[in-house]
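> Here is a sequence together with a model predicted from it:
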Amino acid sequence: MFWEKKGLIYRPDGSLWWAKSHAMIPTPIVIGDNAIRVYLSFSDESGVGRIGFVEVEANNPKKILEVSKDPVLDIGIPGTFDDNGVLPSCLIRHENRLFLYYIGFQLGANVRYFIFSGLAESYDGGYSFQRVYQVPILDRRDSDLFFRTAPFVMIENGLYRMWYIGGSDWTMEEGKMLPVYRIKYLESTRHDSWPNRGEACWDFKSEEEHGFGRPFVIEREGYYRMLYSIRMRSKGYRLGYAESDDGVAWKRKDEQVGIDVSERGWDSEMMCFSSVLEVGDKTYMFYNGNNFGESGFGYAVLRDS
């Protein structure tokens, strides 16, 4: 693959109380014939994320058509799994409704935080979402004590297939606790109920790696490709790439991802949380840059060579 970078699309200007900074985990969907709506998490002055959107022109994603004035999904009530931040992860259409799989943050006492997964639905075309449950659809299990999150869901022949991030460990780097999590796989006959234990897709290549972020899977004629983020001790996040014949057994081919950090600018230190969308004859990648999306989100276009 070869991706041609097209630059930054949007970074909050700080004028909204709930969107002072960041534009994290771009999650796109086609709206009508001429627009792409990209759902993101924006941070308030305390760093708490709420989900909104930036709508852009399909033929020219740098042209912004609309930015949400209010959150489409706010944080959960105090004490729940998502009371300290929500981020989008995946969108699917199911029974004429739009479902949003999302990431919920909760602060911890003996560990920094917990991250589990929620499900919300929209009845107004994605301008607002309501929780299906107040509790996680991916909650803690013996195999995933602290992290069970960032789901990507695909529907195939009535079967729901999910790739997600799970983990039970922390590691120390220069006196700071860093999360350890891997990409795992689940199947279900329901979109809102999932088995307890996922199957790990692969392990780390070296001690430099300590986490994988936000899997995004593309299927073409029974062949699967995945973009994901590799979290490293010395460099933060970089994008990774893997291929599979069945979506379960994967081969990492990170050297073929076809894109890397820039020499300077908004994505010169980090690239992460990528998503892919086909619109007509174009294939777009939306992604975050420096400091987990503090610098905003931008896009690239897939080229033949």
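That came through fine. Numbering: from 1, shown residues only.
> Might you report the residue contacts of Met177?
By C-beta atoms under 8 Å, 6 or more residues apart in numbering, Met177 lies in contact with Val111, Arg112, Trp170, Thr171. Placement of C-beta: from N, CA and C, glycine included.
> Could I have the ChimeraX command that selects the buried members from these?
Restricted to buried positions by 16 or more other C-beta atoms under 10 Å, the ChimeraX selection for these reads:
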select :170
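> mind putting the contacts of Met177 in CSV, distance to Trp194 included?
Listed next are the contacts of Met177 as CSV, based on distance: C-beta to C-beta, whole Å:
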residue, distance to Trp194
Val111, 23
Arg112, 25
Trp170, 24
Thr171, 27
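> State whether Pro195 is indeed within a helix.
No - Pro195 sits outside any helix when classified using DSSP: H, G, I helix; E, B strand; the rest coil, being coil.
> tally of neighbours for Gly104?
25 (other C-beta atoms under 10 Å).
> can I get the CA coordinates of the strand or helix carrying it in PDB?
Element membership of Gly104 [criterion: DSSP states H and E] is strand 97-107. This file holds the C-alpha atoms of strand 97-107, laid out as PDB (Å, rounded to 0.1, in the frame of the first residue of the first chain):
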ATOM      1  CA  ARG A  97     -30.800   2.100  13.300                       C
ATOM      2  CA  LEU A  98     -27.300   3.400  13.700                       C
ATOM      3  CA  PHE A  99     -25.300   1.700  16.500                       C
ATOM      4  CA  LEU A 100     -22.200   3.200  18.000                       C
ATOM      5  CA  TYR A 101     -19.700   1.000  19.800                       C
ATOM      6  CA  TYR A 102     -17.700   3.300  22.100                       C
ATOM      7  CA  ILE A 103     -14.900   3.400  24.600                       C
ATOM      8  CA  GLY A 104     -15.500   4.300  28.200                       C
ATOM      9  CA  PHE A 105     -12.900   5.500  30.700                       C
ATOM     10  CA  GLN A 106     -13.100   5.300  34.500                       C
ATOM     11  CA  LEU A 107     -10.400   6.400  36.900                       C
END
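> That one pairs with which strands?
strand 86-94 (antiparallel), strand 113-122 (antiparallel) (DSSP bridges).
> ranking the ones you listed by mean pLDDT, which is last?
Ranked by mean pLDDT, those bottom out at strand 86-94, with a mean of 95.
> And that one, what's buried?
Buried residues in strand 86-94 (16+ other C-beta under 10 Å): Val86, Leu87, Pro88, Ser89, Cys90, Leu91, Ile92.
> hang on, the earlier thing: in TSV: the strands paired with strand 97-107, plus distance to Asn291.
What follows is the strands paired with strand 97-107, written out as TSV (distance: least, C-beta to C-beta, whole Å):
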stretch	distance to Asn291
strand 86-94	15
strand 113-122	17
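> Can you check which of the ones you listed gets nearest to Leu107?
When the strands paired with strand 97-107 are compared by C-beta to C-beta, strand 113-122 sits nearest Leu107, at 5.4 Å.
> now the closest one, how far from the centre of its chain.
Relative to its parent chain, strand 113-122 has a centroid offset of 12 Å by C-alpha atoms, centre = their mean, to the nearest Å.
> got the CA positions of it in CSV?
Extracted in CSV, the C-alpha atoms of strand 113-122 (Å, rounded to 0.1, in the frame of the first residue of the first chain):
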residue,chain,number,x,y,z
TYR,A,113,-7.7,3.9,34.8
PHE,A,114,-10.0,1.2,33.4
ILE,A,115,-11.3,1.1,29.8
PHE,A,116,-14.3,-0.9,28.8
SER,A,117,-16.8,-0.8,25.9
GLY,A,118,-20.3,0.5,25.6
LEU,A,119,-23.1,0.5,23.0
ALA,A,120,-25.3,3.4,22.0
GLU,A,121,-28.0,3.8,19.3
SER,A,122,-29.4,6.7,17.3
